[in-house]
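[1] Sequence and predicted model, in that order:
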Amino acid sequence: MTEFDKADVDGSGCIDQVEWDKLALDDKRRRIEDDDAHRDQTRKMAWFALWGMLLYPSGVVITSFLGLENASTIIGSMASVYFVSVAGVVSVFMGVTKLAKKPTLEKGDPR
Ligand SMILES: [Ca+2]
């Protein structure tokens, strides 16, 4: 069964207005679901980055406690780069979230 056959529900050989409307509605529903999944995934990533930033110092403590002094030194020396990177990820997330909430005034925007 081709995509055309799926869209041509009544089997008339052409896609009439009702079938086009159904396709458009299905397309809109999929876009909404994709946008929702994208927002959820981005939010999870930001929380993961924040938790990593909060728990990072415990890595130094744990490796030091386990006697892995070399690992403790390496983790400590990576901290500055790590914190800047995570702060960048989180701030971009916040900025994009803020921009996404602004209403669009462009003509022809399907949303
Ligand atoms: Ca038809």
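    Noted; the coordinates are in hand.
[2] Would you agree Val90 is in contact with Trp47?
    No. Using CB atoms under 8 Å as the test, Val90 is too far from Trp47 to be in contact (9.4 Å). C-beta coordinates here come from the backbone N, C-alpha and C atoms, glycine included.
[3] With adjacent residues omitted, what lies nearest to the residue nearest the centre of the chain?
    The residue lying closest to the centre of the chain (CA atoms, centre = their mean) is Thr42, at 3.0 Å. With CB to CB, 6 or more residues apart in numbering as the criterion, Thr42 has its nearest non-adjacent residue at 6.1 Å, and that residue is Phe93.
[4] how far away is that neighbour from Thr2?
    41 Å (CB to CB, to the nearest Å).
[5] can you check Gly11 too?
    From Gly11 to Thr2 the distance is 13 Å (CB to CB).
[6] hmm, back to that, more neighbours: Val90 and Trp47, which one.
    A direct count of neighbours by other CB atoms under 10 Å for Val90 and Trp47 places Val90 higher, at 16 against 12.
[7] which phi and psi does Val30 have?
    Heads up, residue 30 is Arg, not Val. Phi and psi for Arg30, reported as degrees, to the nearest 10, are phi -60, psi -40.
[8] secondary structure element for Gly52?
    helix 17-65 (DSSP states H and E).
[9] Could you list the low-confidence segments of the protein?
    By pLDDT under 70, the low-scoring segments of the chain are 104-111.
[10] And the residue of it that's closest to the ion?
    Ser12 (3.8 Å; CB to the ion).
[11] Excluding its own residues, what touches stretch 86-104? List them.
    By CB atoms under 8 Å, 6 or more residues apart in numbering, the residues outside stretch 86-104 that reach it are Arg39, Thr42, Arg43, Met45, Ala46, Ala49, Leu50, Gly52, Met53, Arg111.
[12] typo on my end, it should be stretch 57-69
    Ala71, Ser72, Ile75, Gly76, Ala79.
[13] number of nearby residues for the last one?
    Taking other CB under 10 Å as the criterion, the count of residues near Ala79 is 14.
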